[in-house]
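Undergrad: need a structure here:
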Amino acid sequence: MTNDDGIEAPGLHRLIKELHGLGHPLAVLAPATEQSASGMRLSLQSELEFRERKDIIEFLELDEEGPPVYIYSLAGTPCDCAIVGINHGFENWAPLIRPQMCVSGINRGPNISIDVLHSGTISAAREAALYGLPAVAVSLGTYHHQDYSTGMVAILELIRRALAVTKSPPPNLMRPRGSKQCPWSVNQMAMENRVREAFRNGDIILNVNAPEKWDGVVETVPLGARWYHGATHSSDSKAGFIVGAASIEDEPIPNTDCTGLIEGHVVISPLATWPQSHPLSVPDMLLKSATFGGVDGYPEWLIENP
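TA: Predicted coordinates for the structure are as follows:
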């Protein structure tokens, strides 16, 4: 687990408690301080303090007889955390954990539409996926409250279904065959199986947003169109500029993450991990198939015992 709001963030703490309470072993490595909108920034050639945080385990009152849990902070970005956690080797910092999936969040504030390019939450999930670890990014799509129980039932159900289709150990962790390991490219395979293989291998990630007030509906949808107006203004001292939109416009495009979140739905959007022209970039047809929702709104390809 990781995030971009930092190791002290209540959204991360709530998800740790929920997942640990469900019996999941957890290895948590999150930024020491908030790193919102950090994108895929890396702290190159910098010494990053790596600190164990047993105090958070005590603060959260996690069951000592429950599954193993390790919590660390890193004085770096979300992507730094994903890289250090994986490259350092879990046996070296979380010896009883063998990773099956990365969960990033819960982030405070929406990560929809164009936000997916700037979000540290999604970038941490994408960085883990670049290393072949299946990944899910989770956000509470509002700043009006910090009730991270909103949509929690849907979030936990999605994580359960995602874990059900992953494999332990992940088949492509550390990318041992580079671009040659691409099982989803077999055209004779049913499309749902191709999508599952892409997720298992880290070539598709899942982005989830819970609304301000959940109406009980879950949707799997593509990204919508969001526009930031008045994105800069002069600082009070007039010596420089401050970046931050004065207003945000979400286009009312049906069946997109922007519209669904406004309507009170939990929205799930599959995202391609790799740049469009990369050898492992999933084709448009496969990504489109990944956005098909089943009768209950969850991705149709997330089925039991596939």
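Undergrad: Show me the beta-bridge partners of the closest residue to G240 other than its chain neighbours.
TA: Among residues not flanking G240 along the chain, S234 sits closest, at 7.6 Å (C-beta to C-beta, 6 or more residues apart in numbering). Glycine gets a C-beta too; all of them are placed from N, C-alpha and C. Listed by DSSP bridges, the beta-bridge partners for S234 are F241.
Undergrad: now S234: how far from A246?
TA: 13 Å (C-beta to C-beta, to the nearest Å).
Undergrad: For the chain, just list every one of the strands.
TA: Along the chain, counting by DSSP state E, strands occupy 26-31, 50-52, 69-74, 102-108, 135-140, 204-210, 218-220, 226-229, 232-234, 241-243, 247-250, 266-272.
Undergrad: could the ones you listed be laid out in CSV, adding mean neighbour count, mean pLDDT and distance to P183?
TA: Shown next, in CSV, are those (neighbours: other C-beta atoms under 10 Å; pLDDT from 0 to 100; distance: least, C-beta to C-beta, whole Å):
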stretch, mean neighbour count, mean pLDDT, distance to P183
strand 26-31, 26, 98, 26
strand 50-52, 13, 98, 35
strand 69-74, 23, 98, 31
strand 102-108, 29, 97, 20
strand 135-140, 29, 98, 18
strand 204-210, 27, 98, 13
strand 218-220, 24, 98, 22
strand 226-229, 14, 93, 34
strand 232-234, 11, 86, 46
strand 241-243, 10, 87, 42
strand 247-250, 14, 91, 37
strand 266-272, 26, 98, 16
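Undergrad: Which of these sits closest to T121?
TA: Ranking these by proximity to T121 (C-beta to C-beta) places strand 102-108 first, at 4.0 Å.
Undergrad: Now tell me what touches that closest one from outside.
TA: Under the contact criterion C-beta atoms under 8 Å, 6 or more residues apart in numbering, strand 102-108 has outside partners 1-5, 9, 11-12, 14-15, 19, 36, 78, 82, 119, 121-122, 124-125, 128-129, 133-140, 143, 146, 148, 155, 159, 208, 210.
Undergrad: returning to that earlier point: how about the strands of the chain in CSV, adding distance to N187?
TA: Shown next, in CSV, are those (distance: least, C-beta to C-beta, whole Å):
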stretch, distance to N187
strand 26-31, 37
strand 50-52, 45
strand 69-74, 41
strand 102-108, 29
strand 135-140, 26
strand 204-210, 17
strand 218-220, 24
strand 226-229, 35
strand 232-234, 48
strand 241-243, 45
strand 247-250, 37
strand 266-272, 18
